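Undergrad: below is the sequence, then the predicted model.
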Amino acid sequence: MKNTRKLFGMVAMAVITMASCTREEGDQTDEQGIPFQAATPQEFAGLKADALAELTQNFQFDASGMGVFTTENGTQISINGTCLTKNGNAVTGQVAVEIVELYDRGNMLLTNKTTMGRMDDGGKAIMISGGEFYVNATQGGDQLNLGCNMQVVIPVDLTGGADNQMSLWKGTIGEDCDNTVGCDDIIWDEIRDEEGNMPGIEIGKGITQGDAYYTFFQEFGWTNVDRFAGDPRPKTGLLVDVPEGFNDENSAVYISYDGEPNALAFLDKYDEDLELFTEHYGQIPIGLEAHVIFVSEDNGNWLYAIKAVTIVDNGTITFNLSETATKSDTQLKALINNLP
């Protein structure tokens, strides 16, 4: 059945050397001789949820004043407590604030928060990020609403320096997800007001006197400082064949563009008839040097495989179980961030 897929074409590839727990060709058992079992959707979703929880930073402030929070990476977020409401009423007392900040493709992969932006025609294409952020405020477990903007100051050296083409994007979780669990992927839409104008992003001096992006987030949730990659080369789609027992419910496939450490593409569709992951918008540059990454869960760790590829027109990339290995969150993040 799977042999028919090779009609879609092949891509020249080299497998990255992987230490720890690799499986020999044709070996479908673990070290104790127990037949290999693919992860359940719940196990894979839990792995990503745990990674997100590990990256969540918690703060407190009094709603009578201004809450100013400096994150672990030096981003400064300011919230005016007098603008907060709960069920339409002004908030008083202590407020709990949660912040997640993502700057590199390693953390983007662990949490499934990639940089796929929606184009004007509805398709999705990879973007280069100046920082992804989740900010939320609650009181006693109740969601609060923000009646005015919060200011965010982001050091540009976290993402390789200042970029004047950046704009502001709003993230939506699980919009096209058909799964029963684990709908945690994100799509980014450019923020515009009723007149079609975009919020400004200025570049000035940050809290440590280095250059920083200055912007204002308009609501709680996921927001991104980003721009499309803008590669001028002809584009193509891509098909990826993963090991037996895996699909979009218990695994995922990503593309890391060589030379773009602050971006990660996501193959968000799975063709059940072909049993293939697809890049169905046809937005991958032909000739691109990249790494295609397969991930799932295995006994609380990440099951993964990585292939170095040069993208060809309508190519197919195949992952075999014998090419997979396992790593912890920390190990896999380091591996992904060390890709070219």
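TA: Perfect, I can see it now.
Undergrad: can you show me the CA trace of the helix or strand that Ile79 is a member of as CSV?
TA: Using DSSP states H and E, Ile79 sits in strand 76-80. These are the backbone C-alpha positions of strand 76-80, laid out as CSV (Å, rounded to 0.1, in the frame of the first residue of the first chain):
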residue,chain,number,x,y,z
GLN,A,76,9.1,43.8,30.1
ILE,A,77,5.2,43.6,30.1
SER,A,78,3.1,46.3,31.7
ILE,A,79,-0.6,46.0,32.6
ASN,A,80,-2.7,48.8,34.0
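Undergrad: past that strand, which element shows up next along the chain?
TA: strand 84-86.
Undergrad: now for that next one, which elements pack on it?
TA: strand 145-146 (3 or more Cβ pairs under 8 Å, 6 or more residues apart in numbering; DSSP states H and E). The C-beta positions use only the backbone N, C-alpha and C, and glycine is treated the same way.
Undergrad: returning to that earlier point: partners of the strand holding Ile79 in the sheet?
TA: strand 66-70 (antiparallel), strand 150-155 (antiparallel) (DSSP bridges).
Undergrad: roughly how far out does that strand sit from the chain middle?
TA: Strand 76-80 has its C-alpha centroid displaced from the chain centroid by 24 Å (Cα atoms, centre = their mean, to the nearest Å).
Undergrad: same check on stretch 126-133?
TA: Distance of stretch 126-133 from its chain centroid, counting by Cα atoms, centre = their mean, is 9 Å.
Undergrad: hmm, who's touching it?
TA: By Cβ atoms under 8 Å, 6 or more residues apart in numbering, the list of residues contacting stretch 126-133 from outside reads 75, 77, 99-103, 108, 113, 115-117, 152, 154, 156, 158-159, 163, 166, 169, 171, 188, 213, 217, 222-229, 255, 257, 260, 262-265, 283.
Undergrad: inside helices: which ones of those?
TA: Met108 (DSSP state H).
Undergrad: mind listing which of the contacts of stretch 126-133 are in strands?
TA: 77, 99-102, 116-117, 152, 154, 169, 171, 188, 213, 217, 222-228, 255, 257, 265, 283 (DSSP state E).
Undergrad: so what's Gly46 up against?
TA: Gly46 neighbours (Cβ under 8 Å, 6+ apart): Glu297.
Undergrad: go with 10 Å
TA: Contacts for Gly46 (Cβ atoms under 10 Å, 6 or more residues apart in numbering) come out as Ala39, Thr40, Val181, Gly182, Glu297, Gly300.
Undergrad: what's the spacing between it and Ala53?
TA: Distance from Gly46 to Ala53, counting by Cβ to Cβ, to the nearest Å: 10 Å.
Undergrad: tell me where the model's unsure across the stretch 1-150 of the chain.
TA: Counting by pLDDT under 70, the stretch 1-150 of the chain contains low-confidence ranges at 1-34.
Undergrad: which residues of it fall in strands?
TA: Here the stretch 1-150 of the chain has its strands, by DSSP state E, counting those that start in this stretch, at 13-15, 57-62, 66-70, 76-80, 84-86, 89-90, 94-102, 116-118, 124-139, 142-143, 145-146, 150-155.
Undergrad: so can I have a markdown table of those showing mean neighbour count and distance to Leu335?
TA: Below are the strands of the stretch 1-150 of the chain laid out as a markdown table (neighbours: other Cβ atoms under 10 Å; distance: least, Cβ to Cβ, whole Å):
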| stretch | mean neighbour count | distance to Leu335 |
| --- | --- | --- |
| strand 13-15 | 13 | 13 |
| strand 57-62 | 14 | 24 |
| strand 66-70 | 16 | 29 |
| strand 76-80 | 19 | 30 |
| strand 84-86 | 18 | 41 |
| strand 89-90 | 10 | 48 |
| strand 94-102 | 19 | 17 |
| strand 116-118 | 21 | 22 |
| strand 124-139 | 22 | 19 |
| strand 142-143 | 10 | 37 |
| strand 145-146 | 16 | 38 |
| strand 150-155 | 22 | 25 |
